[in-house]
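Peer 1: Show me the folded form of this:
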Amino acid sequence: MGRQDSTPPRFVAISPDDGSTIDLRNPALAAALSWLVPGLGQLYQRRTTKGGLFMGGLLTALIVGLWLGDGRVVYASWRPGETRLAFLGQAGIGAVAVPAILQSMRLSGAARQPYLTSSWFAPPLRQGQFVSAAYAESVLAAEPSLERKAFVDRPPFKQCTIDQLSVWHERLGRSFDIGTLYTVLAGMLNLLVVYDAWAGPLREAPDAKSRQAKKQAGEASGDKATDGAAGSGGQPAATKT
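Peer 2: So this is what the prediction gives:
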């Protein structure tokens, strides 16, 4: 019985620029890395120029959006009437999608507070919502415009008496919407980066005319090769492999 080859298969793509091959290495891992951080999968595939461009461009848009929105624009919420549809676009970047989901689950869970009692990536509080005393103090410290009556004692928790999203909109104005737009665009564009890491560069599909022209050119070159072989004694030329 012959020895089986244990070498893992190589996944390659063809560059649409010069026709060279691109080693995609492990496409699934590369796609996951690019979803987590834009361009990281391309750097893993040693496509440093493209990876650097993706990382620099999309992370800049993401950071600018977060800065404009004071870090409040990326959050996950599935509460009735308060579904954060913008998060569907923002979720294209895992570095913000994962903490946003974890913070939302933690705040609505038994602890009634996000991780580290930080409001970053946490959904806004709604009127009547119960939170831990520690998180209530953290919100008051982060929102100087709020008075202490924004929370009332409901041992062992505090009950919120304000709509925090309205507070954000009032304080940030248009910056909140613009920051949301930047982060959504960054997340949606990163889906193309993930696809590029998975399958390689997109190639323009040839139209019917170009396919026919290539077919005719191939037939013509084949006829010339046959005529040349026949003129030299009927022996085909040797091909180096």
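Peer 1: hey, let's count contacts and neighbours off CA atoms from now on
Peer 2: Will do.
Peer 1: contacting residues for the nearest residue to Q113 once chain neighbours are set aside?
Peer 2: With Cα to Cα, 6 or more residues apart in numbering as the criterion, Q113 has its nearest non-adjacent residue at 4.4 Å, and that residue is L107. If a contact means Cα atoms under 8 Å, 6 or more residues apart in numbering, then L107 has 113-114, 122, 131 as its contacts.
Peer 1: Looks to me like L107 is in a helix.
Peer 2: Yes. L107 forms part of a helix when assessed by DSSP: H, G, I helix; E, B strand; the rest coil.
Peer 1: that older thread, farthest pair in the contacts of L107?
Peer 2: Maximum pairwise distance in these, criterion Cα to Cα, is 12.3 Å, between A122 and V131.
Peer 1: Mind checking which of these two has more residues around it?
Peer 2: Higher neighbour count among A122 and V131: A122, with 27 against 24, using other Cα atoms under 10 Å.
Peer 1: Please tell me I have it right and the more buried one contacts M105.
Peer 2: No. Contact criterion Cα atoms under 8 Å: A122 and M105 do not qualify, at 9.2 Å.
Peer 1: show me where the protein has helices.
Peer 2: Secondary structure of the chain (DSSP state H): helices located at 27-36, 40-44, 48-68, 86-90, 94-108, 133-142, 164-172, 174-199, 208-231.
Peer 1: tell me which residues in the fourth one are buried?
Peer 2: Residues 86-87, 89-90 are the ones in helix 86-90 that count as buried (16 or more other Cα atoms under 10 Å).
Peer 1: now swap in the longest one and tell me
Peer 2: By neighbour count, with 16+ other Cα under 10 Å as the criterion, the buried positions of helix 174-199 are 175-176, 178-199.
Peer 1: Now do that helix against helix 94-108, angle only.
Peer 2: With axes from the mean of the first three to the mean of the last three Cα atoms, to 10 degrees defining the directions, helix 174-199 sits at 120 degrees from helix 94-108.
Peer 1: And helix 174-199, how far out from the chain middle?
Peer 2: Its chain's C-alpha centre and that of helix 174-199 lie 7 Å apart, by Cα atoms, centre = their mean, to the nearest Å.
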